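S.K.: Structure for the following, please:
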Amino acid sequence: MSLASVFNIAGTGMSAQSTRLNTISSNIANAETVSSSLDQTYRARHPVFATVLGQQAAGGDRGSLFAEQDEAGRGVQVLGIVEDQSTLMPRYEPNHPAADKDGYVYYPNVNVVEEMADMISASRAFQTNAEMMNTAKQMLQKVLTLGQ
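M.R.: Residues are numbered from 1 along each chain as shown. The predicted structure follows:
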């Protein structure tokens, strides 16, 4: 793996964390929305990540019995965004305009405290990937000055 591939790996990481931050923002924005039915209530969403594995070297099989475990990651991809299937929060509020015939409104299954912690984690991961790119750039610049 070359030093130049660090930029691609960190770039995919930054893109994945941007998706994560966007879904967290959507969850927080909809945390207090109400509905009169379970089917129409907003459900928290979470991105699903997967490692992008590199191809075998051009020389073919390396002869390793553990070829899959020896494969280096080439980045991360977002496989999709899934809805959280945990229970929604019904509240008895008969005077609420969105209440159903029994007087219940349904709130999303969004825990704002957990979302804020996830937001800090995603922000730090994005920042770490940006620092990796900066460090790789500095290392490449040092390599260019070796011949002077």
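S.K.: Quick check: buried residues in stretch 94-107?
M.R.: Of the residues in stretch 94-107, Ala99, Tyr104, Val105, Tyr106, Tyr107 count as buried by neighbour count, 16 or more other C-beta atoms under 10 Å. From N, CA and C alone the C-beta is placed, and that goes for glycine too.
S.K.: for this structure, which residue is closest to the average position?
M.R.: Arg20 (3.4 Å; C-alpha atoms, centre = their mean).
S.K.: so how far is Glu114 from it?
M.R.: Going from Arg20 to Glu114 by C-beta to C-beta, to the nearest Å gives 13 Å.
S.K.: And for Gly103?
M.R.: Taken as C-beta to C-beta, the span from Gly103 to Glu114 is 29 Å.
S.K.: This protein: helices as residue ranges?
M.R.: 5-29, 67-70, 112-145 (DSSP state H).
S.K.: Report the rounded mean pLDDT for the shortest one.
M.R.: The average of the pLDDT scores along helix 67-70 is 56.
S.K.: hey, which of the helices of the chain is tucked in deepest?
M.R.: When the helices of the chain are scored by mean count of other C-beta atoms under 10 Å, the highest mean neighbour count falls to helix 5-29 (a mean of 18).
S.K.: That one - contacts with which helices or strands?
M.R.: Secondary-structure packing of helix 5-29 (3 or more C-beta pairs under 8 Å, 6 or more residues apart in numbering; DSSP states H and E): strand 45-53, strand 73-83, helix 112-145.
S.K.: and the gap between the residue nearest to Met139 when sequence neighbours are not counted and Met133?
M.R.: Leaving aside its chain neighbours, Met139 sits nearest to Leu3 (6.3 Å; criterion: C-beta to C-beta, 6 or more residues apart in numbering). To Met133, Leu3 is 11 Å away according to C-beta to C-beta.
S.K.: cool, and Ala31?
M.R.: Taking C-beta to C-beta, one finds Ala31 at 33 Å from Met133.
S.K.: swap in Asn8?
M.R.: 10 Å.
S.K.: Leu79 too?
M.R.: Following C-beta to C-beta, the distance that separates Leu79 from Met133 is 24 Å.
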